[in-house]
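How does the following fold in three dimensions:
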Amino acid sequence: RRHNKKKIKMNSELNTQAPTEKQIKSVENAIEHFKKGKMVIIVDDEGRENEGDIALPAEDCNPEDINFMATVARGLICTPLDGSIIDNLALEPMVTQNTESMGTAFTVSVDASNDIESGISAKDRSNTVRKLANKKSTKTDTSDGKWEFWIDRGGTFTDIVAKAPDGSLKNSKYLSENPEQYKDAAIQGIRDFLKIDNNEKIQGSDVDCVKMGTTVATNALLERKGDRTLLLITEGFRDLLRIGYQARPKLFDFNIILPTPIYEIVGEIKERLDAEGEIIEPLDELKAREVLKSARVKGIKSVAIALMHSYLNPIHEKRIAQIAADEGFEQISISHEISPLMKLVGRADTTVIDAYLSPILKRYVAQISSEFDAGYTAQLLFMQSNGGLTDANVFRGKDAILSGPAGGVVGMVKTAQIAGFEKLIGFDMGGTSTDVCHYNGEFERSFETEVAGARVRAPMMDIHTVAAGGGSILFFRDGRFQVGPESAGANPG
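Residues are numbered from 1 along each chain as shown. Next up is the predicted model:
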């Protein structure tokens with residue numbers, strides 16, 4: 001974070017080049033977000049050095065980055081030192097012209113070389129930007145005249161913050177399950193804000209976007225209430241996930257209790273690839289079809305396919321997936337798509353979780369979508385475990401385990417930064433589960449973790465979750481009181 005004049009000069013010379021098509025597209029996306037009333041902060045490329053800020057240089061931005069920063073993290077969008085992109089697109093005059101009326105955009109023009117000569121640090125600039133950002137009005141005009149809804153659906157309560165067309169913010173709280181009153185809390189909240197009847201479809205023309213964090217997948221995993229799942233694995237490895245890595249977290253514990261597997265049946269597939277992905281033994285399609293038929297007869301509709309070395313050559317997995325589709329399986333998770341990495345245990349575990357949880361998410365997304373009119377254009381976005389948003393149609397089980405808690409981490413950090421705190425411990429006790437996280441200047445993520453006894457290999461916020469919340473049920477079992485994992489939830493409560 002200490003820059004010499006030579007480096008600054010070099011960066012300035014580089015940035016005098018004509019902007020690339022990708023750079024222009026990034027800034028055009030920023031303009032579109034600004035027009036919709038989103039907060040866009042434009043700073044020099046030293047912004048990436050600002051402590052605690054989320055910032056990307058314009059040349060590294062793509063529409064997804066812009067969307068994440070402008071709508072989730074309310075972060076910084078950076079442009080080159082000399083502002084060549086701003087000049088070429090005439091962005092600064094537009095921002096200056098609209099700042100007073102909208103109250104959501106700030107232009108910070110800083111020459112980093114002058115800063116260094118004046119002894120101004122990156123942290124000083126960061127604080128200046130934050131002070132400007134924190135002065136923004138909570139009442140801002142939305143140019144398209146539509147509602148925005150930001151929803152946190154927990155296992156017990158659902159909280160909704162709504163941004164009205166006039167820019168005002170409203171909020172409400174609902175029981176997540178209240179079958180006597182409504183089918184879904186989120187949809188009921190939207191209807192109440194729009195003042196429409198329960199039987200009336202929500203008009204897409206009235207709603208710009210719905211952004212939701214949900215613990216539907218989290219609680220299904222904690223309480224083992226996912227869909228019944230068949231695991232197909234290379235012959236000879238039926239117990240691989242049960243054995244796992246043979247880890248002994250409690251070395252001197254004689255009474256080792258293994259977590260309950262989340263798959264119901266294991267089917268062994270006669271096939272084999274070598275470590276280079278070459279076929280040693282061809283796929284026995286008849287045997288594979290028999291296993292799949294047997295599972296369907298038992299009512300199983302979800303299958304996880306994880307074969308040895310398939311990340312190098314997915315030919316056998318693809319063929320089995322075709323057979324599974326022919327046999328009527330509704331959820332087919334294939335390891336080379338879900339986690340295309342070496343190490344069969346992690347790949348298979350993640351694939352099983354995806355097959356176990358994705359059907360629940362699909363049903364929930366379908367339920368939400370069905371409440372909108374046929375031609376709706378509103379964006380339906382879900383928070384992923386990594387802290388970013390994704391479209392509802394590609395929301396997968398493996399990315400949804402910490403959907404609800406991840407949004408809490410981002411909110412905790414932004415709230416604490418306004419109060420001037422950078423070192424945080426987060427404790428979030430809900431009705432069904434409790435989440436704990438740590439923050440020391442940057443978001444902490446893990447790429448292979450264990451949640452409720454299930455191993456998963458996917459990028460996610462480093463959050464510890466336990467199945468004990470305010471509504472956890474107290475049982476008397478095995479001669480002692482035990483808490484959870486079952487929760488009374490919202491119904492019966």
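
Tally up the residues packed near Leu231, please.
By other C-beta atoms under 10 Å, 27 other residues sit near Leu231. For every residue, glycine as well, the C-beta is placed using N, CA and C.

Would you enumerate the residues in contact with it?
Leu241, Tyr263, Ile265, Val266, Gly267, Val303, Ala304, Ala306, Ala348, Val352 (C-beta atoms under 8 Å, 6 or more residues apart in numbering).

after the strand or helix carrying it, next one along is what?
The secondary structure element spanning Leu231 is strand 229-234 (assigned by DSSP states H and E). The element immediately downstream of strand 229-234 (helix or strand, assigned by DSSP H and E) is helix 240-243.

what comes into contact with that next one?
Counting contacts by C-beta under 8 Å, 6+ apart, the residues outside helix 240-243 that touch it are Leu231, Ile233, Leu258, Pro261, Tyr263, Leu344, Val345, Ala348, Asp349, Val352.

Among those residues, name the ones in helices.
With helices taken from DSSP state H, the overlap with the contacts of helix 240-243 comprises Leu344, Val345, Ala348, Asp349, Val352.

farthest pair in the residues you listed?
When the ones in helices among the contacts of helix 240-243 are compared pair by pair using C-beta to C-beta, the farthest-apart members prove to be Leu344 and Val352, with a separation of 11.9 Å.

Mutual contacts of these two, please.
Shared contacts of Leu344 and Val352, defined by C-beta under 8 Å, 6+ apart, are found at Ala306.

Just want the most central residue of this protein.
Here the mean C-alpha position of the chain is nearest to the C-alpha of Gln384 (C-alpha atoms, centre = their mean), at a distance of 1.0 Å.

ok, Ala186 - contacts?
When contacts are counted by C-beta under 8 Å, 6+ apart, Ala186 is found next to Phe149, Ile151, Arg153, Thr158, Ile160, Val210, Met212, Ile368.

Wait, a helix at the fourth one?
Pointing back at Thr158 there. No. Under the criterion used here (DSSP: H, G, I helix; E, B strand; the rest coil), Thr158 is strand, not part of a helix.

Report how many residues lie close to the residue nearest to it when sequence neighbours are not counted.
In this structure, Thr158 finds its nearest non-sequential neighbour in Ala185, 3.8 Å apart by C-beta to C-beta, 6 or more residues apart in numbering. By the measure other C-beta under 10 Å, the count of residues near Ala185 is 24.

As a check, name the ranges of all helices in the stretch 201-350 of the chain.
Assigned by DSSP state H, counting those that start in this stretch, the stretch 201-350 of the chain shows helices spanning 216-222, 240-243, 285-297, 315-326, 335-338, 344-369.

tell me the mean pLDDT for the last one?
Along helix 344-369, the predicted local confidence has a mean pLDDT of 92.

now the angle from it to strand 229-234?
Here helix 344-369 runs at an angle of 150 degrees relative to strand 229-234 (axes from the mean of the first three to the mean of the last three C-alpha atoms, to 10 degrees).

Give me the distance from helix 344-369 to the chain's centre.
Between the mean C-alpha point of helix 344-369 and the mean C-alpha point of its chain there is a distance of 14 Å (C-alpha atoms, centre = their mean, to the nearest Å).

The first one now?
For helix 216-222, the gap between its own C-alpha mean and the chain's C-alpha mean amounts to 15 Å (C-alpha atoms, centre = their mean).

Can you list the helices and strands that it packs against?
Other elements packing on helix 216-222 under the criterion 3 or more C-beta pairs under 8 Å, 6 or more residues apart in numbering; DSSP states H and E are helix 344-369, helix 403-418, strand 480-487.

if you compare these, which one is most tucked away?
Among the helices and strands packed on helix 216-222, judged by mean count of other C-beta atoms under 10 Å, the one packed with the most neighbours on average is helix 344-369 (a mean of 23).

how distant is stretch 407-417 from the center of its chain?
Relative to its parent chain, stretch 407-417 has a centroid offset of 15 Å by C-alpha atoms, centre = their mean.

Ala164 against Trp147, yeah?
Yes. Counting by C-beta atoms under 8 Å, Ala164 sits close enough to Trp147 to count as a contact (6.3 Å).

Need the residues touching each of those two.
With C-beta under 8 Å, 6+ apart applied, the overlap between the contact sets of Ala164 and Trp147 consists of Phe193.

out of the two, which sits in the busier spot?
The residue with the greater number of neighbours, taking Ala164 and Trp147 and applying other C-beta under 10 Å, is Trp147; the counts read 20 against 15.

and the nearest residue to that one once chain neighbours are set aside, how many neighbours?
Counting by C-beta to C-beta, 6+ apart, the nearest residue to Trp147 once its immediate chain neighbours are dropped is Val207, at 5.1 Å. As a burial measure, the neighbour count of Val207 was computed by other C-beta under 10 Å and equals 22.

And the nearest residue to Gly471 once chain neighbours are set aside, its phi and psi?
Nearest-residue entry for Gly471: Gly431, 3.9 Å, with adjacent residues in sequence omitted and distances by C-beta to C-beta, 6+ apart. When read as degrees, to the nearest 10, the backbone of Gly431 gives phi -80, psi -30.

What separation do you get for Gly431 and Lys298?
34 Å (C-beta to C-beta, to the nearest Å).

Please identify which of the two sits among more neighbours.
Neighbours around Gly431 and Lys298, counted as other C-beta under 10 Å, are more numerous at Gly431. The numbers are 21 against 10.

shouldn't that one be in contact with Thr158?
No. Checked against C-beta under 8 Å, the pair Gly431 and Thr158 is beyond contact range at 10.8 Å.

how about Pro459, phi and psi?
Geometry field for Pro459 lists phi and psi as phi -60, psi 130, criterion degrees, to the nearest 10.

Can you give me the neighbour number for it?
Counted with other C-beta under 10 Å, residues neighbouring Pro459 total 15.

What separation do you get for it and Asn171?
Counting by C-beta to C-beta, the gap between Pro459 and Asn171 amounts to 30 Å.

sec struct for Gly426, please.
The three-state label given to Gly426 by three-state DSSP is strand.

got the contact list for it?
Contacts for Gly426 were tallied using C-beta under 8 Å, 6+ apart; they are Gly408, Val409, Met412, Asp435, Val436, Cys437, His438, Tyr439.

Touching, the fourth one and Ser403? I think so.
No. When contacts are counted by C-beta under 8 Å, Asp435 is not listed as touching Ser403 (11.5 Å).

ok so, going back, and for the residue nearest to the centre of the chain, nearest residue in space, chain neighbours not counted?
Leaving aside its chain neighbours, Gln384 sits nearest to Asp399 (4.4 Å; criterion: C-beta to C-beta, 6+ apart).

Pull the number of nearby residues for the one you found.
Neighbouring residues of Asp399 were enumerated by other C-beta under 10 Å; the total is 27.

Over to Ser472?
Quick note: Ser472 (other C-beta under 10 Å) scores 21 neighbours.

List the contacts of the nearest residue to it once chain neighbours are set aside.
Beyond its immediate neighbours in the sequence, the residue positioned closest to Ser472 (C-beta to C-beta, 6+ apart) is Gly484, lying 4.0 Å away. If a contact means C-beta under 8 Å, 6+ apart, then Gly484 has Leu222, Ala467, Ala468, Gly469, Ser472, Ile473 as its contacts.
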